[in-house]
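Engineer: sequence first, predicted coordinates after that:
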Amino acid sequence: PFKPPQFLEVNYADISFTAKDIPACGYKIFIIKAINDLRTSKEYKTDIRAGRDYIENKYYKVIAEANGTVTIVDKLNNKVFKNCNRFVDGGDAGDEYTYSPPLNDEIIVSRLNNISTKDVGPSEATLKVSGKRILPVGLKSDRKYREDKMIECPLESEVKLFSEIQRIEFKTKFDNKASDHRLRVEFPTNIKSNYVYAEGHFEVVKRSINVPDSEGWKEKAYKTAHNSGFVDINDREYGLAVLNQGLPEYEIIPDNNTIALTLLRCVGWLSRGDLEYKKGNAGPSFATPEAQCLGENTFSYALIPHQGNWDDARISQKTKQYKTKVLTTQLKNQPGNLSDKYSFIQLQGKHLEISAIKKHGLEDKLLIRVYNPTDRNITGRIKLGFDIHKVYLGRLDESYEEELPYNDGVEIELKPKEIKTIIFEALLYE
């Protein structure tokens, strides 16, 4: 006789919550309990709100407009940013070294007309805009114009808010089927400033927004510049920071001081000698078809409106928090002598930052590298959550400079833009 399949009962759930106050370089235990009483209220206190075309928490309201851009309302500071997350595409006749627009470029601004919300709960909400971009398939043979033939390239962008977190996150997927073009996302700031601040290597770089006159130069001055994690425009009283994961190129467009973040540069050559911005080759001239970045690409970036300038708002530290995801693991209910939360490494000093935590290259010692990205002297302290035998001031090559006193931590003083390497020898017990 026929026997129906036997199904196993499995308790499974996707759980999302705001994990608050996790200690620096440490851990915190959260206990999740199942409630089987159906009479228990399913209403939770939360600052998350959502409608057909908007999401909201205690800090921001994000509204999808008919053209697919979003309007961002900073509720704490009563500021409004319009036409945000606007996707703009132009031709790229350059090479892997250098962006160079075609002589007669065609700029295409996306209109994304599919709007929805999803994953709406007490801890988060997501607003989604999507549509199909119609782009030229590439450049014409003379590389001065974009092709007349067009192709559909699907694009979807999700905007996410978390409960009680002061950050707006974006995740954009683009199925690229076109060649020789550049895709950027724009955030008009309307903040009056002559300078932009961008995270660099062990510092935050202050750059003029105005591009110098490069008439007669062998290579024209570029409007684009580099960042390692964030770009910030502020007037010292209020600012807007765009954070990103692995998107190093940006430009400040003087019209409304718009921050334009490059998502894709699609080119087919390592180097060419016929560029509009530069004459001569920067390297070997051979084809690189994979640099056209065909297929699905995913981009992650975030937005933080803030009071004051970038260091008042601790944008550099908040960028590290955004880029460094919290690791999770599920534990069994078991005995142990560890507390429910603990910090192994604490760095005290408001604007100091850790760039490396590693084992010494030649010895069984712990190396911590700290730097000061600001323009002023800062005193701080490194405190470890285990016993220390000796502490040394080291160099970048991990050699020793001098021994330092350790009294419930080691005090350090850093000049503007200074890097210091501290080497710790743990006290071992037999």
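Structural biologist: Now that the structure is in, tell me what you want to look at.
Engineer: grab the nearest non-local neighbour of residue 403.
Structural biologist: Leaving aside its sequence neighbours, residue 403 sits nearest to residue 392 (C-beta to C-beta, 6 or more residues apart in numbering; 5.5 Å). Bear in mind the C-beta positions are built from the backbone N, C-alpha and C, glycine included.
Engineer: and the helix or strand harbouring that neighbour, which residues are buried?
Structural biologist: Element membership for residue 392, per DSSP states H and E: strand 388-394. By neighbour count on 16 or more other C-beta atoms under 10 Å, the buried set for strand 388-394 is 388, 391, 392, 394.
Engineer: packing partners for it?
Structural biologist: Contact partners of strand 388-394 among helices and strands, from 3 or more C-beta pairs under 8 Å, 6 or more residues apart in numbering; DSSP states H and E: strand 400-404, strand 419-426.
Engineer: just checking: what are the partner strands of the helix or strand following the first one?
Structural biologist: If you walk from strand 400-404 toward the C-terminus, the next helix or strand you reach (DSSP H and E) is strand 410-414. The strands that strand 410-414 pairs with in its sheet are strand 378-384 (antiparallel) (by DSSP bridges).
Engineer: okay, which residue is most central for this structure?
Structural biologist: In the chain, the centroid-proximal residue (C-alpha atoms, centre = their mean) is residue 244; its distance is 2.2 Å.
Engineer: touching, that one and residue 300? I think so.
Structural biologist: Yes - in terms of C-beta atoms under 8 Å, residue 244 counts as a neighbour of residue 300; the distance is 7.1 Å.
Engineer: just to revisit the earlier point, just checking, the residue nearest to residue 403 touches residue 401?
Structural biologist: Yes - applying C-beta under 8 Å, one finds residue 392 in contact with residue 401, separated by 7.1 Å.
Engineer: distance between the helix or strand hosting residue 87 and the chain's centre?
Structural biologist: According to DSSP H and E, residue 87 maps onto strand 86-91. Here the centre of strand 86-91 is set off from its chain's centre by 20 Å, with C-alpha atoms, centre = their mean, to the nearest Å.
Engineer: quick check: which ranges of the stretch 1-150 of the chain have low pLDDT?
Structural biologist: By pLDDT under 70, the weakly predicted segments of the stretch 1-150 of the chain are 1-11, 36-43.
Engineer: of the buried residues of strand 388-394, closest to residue 87?
Structural biologist: residue 394 (46.2 Å; C-beta to C-beta).
Engineer: any figure for the gap between the closest residue to that closest one other than its chain neighbours and residue 140?
Structural biologist: Once flanking residues are discounted, residue 394 sits nearest to residue 421: 3.9 Å by C-beta to C-beta, 6+ apart. Going from residue 421 to residue 140 by C-beta to C-beta, to the nearest Å gives 54 Å.
Engineer: if we can go back for a sec, in CSV: the helices and strands packed on strand 388-394, plus mean neighbour count, mean pLDDT and distance to residue 251.
Structural biologist: Output for the helices and strands packed on strand 388-394, formatted as CSV (neighbours: other C-beta atoms under 10 Å; pLDDT from 0 to 100; distance: least, C-beta to C-beta, whole Å):
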stretch, mean neighbour count, mean pLDDT, distance to residue 251
strand 400-404, 12, 95, 41
strand 419-426, 19, 96, 29
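Engineer: among those strands, which comes closest to residue 230?
Structural biologist: That would be, of the helices and strands packed on strand 388-394 and by C-beta to C-beta, strand 419-426, which comes in at 19.3 Å.
Engineer: thought residue 105 was touching residue 146?
Structural biologist: Yes - at 7.2 Å, residue 105 counts as touching residue 146 under the criterion of C-beta under 8 Å.
Engineer: those two - which one has more neighbours?
Structural biologist: Set residue 105 next to residue 146 and count neighbours by other C-beta atoms under 10 Å: residue 146 wins out with 27 against 16.
Engineer: mind listing what the more buried one touches?
Structural biologist: Contacts for residue 146 were tallied using C-beta atoms under 8 Å, 6 or more residues apart in numbering; they are 91, 102, 105, 106, 136, 138, 139, 140, 180, 181.
Engineer: name the nearest residue to the fourth one, ignoring sequence neighbours.
Structural biologist: With C-beta to C-beta, 6+ apart as the measure, residue 146 is the residue that lies nearest to residue 106, at 4.7 Å, once sequence neighbours are left out.
Engineer: what's across from that neighbour in the sheet?
Structural biologist: residue 139.
Engineer: now do residue 87
Structural biologist: residue 185.
Engineer: the helices in the protein, which residues?
Structural biologist: For the chain, the helices defined by DSSP state H occupy 315-323.
Engineer: roughly how far does residue 48 sit from residue 211?
Structural biologist: On the measure of C-beta to C-beta, residue 48 and residue 211 end up 42 Å apart.
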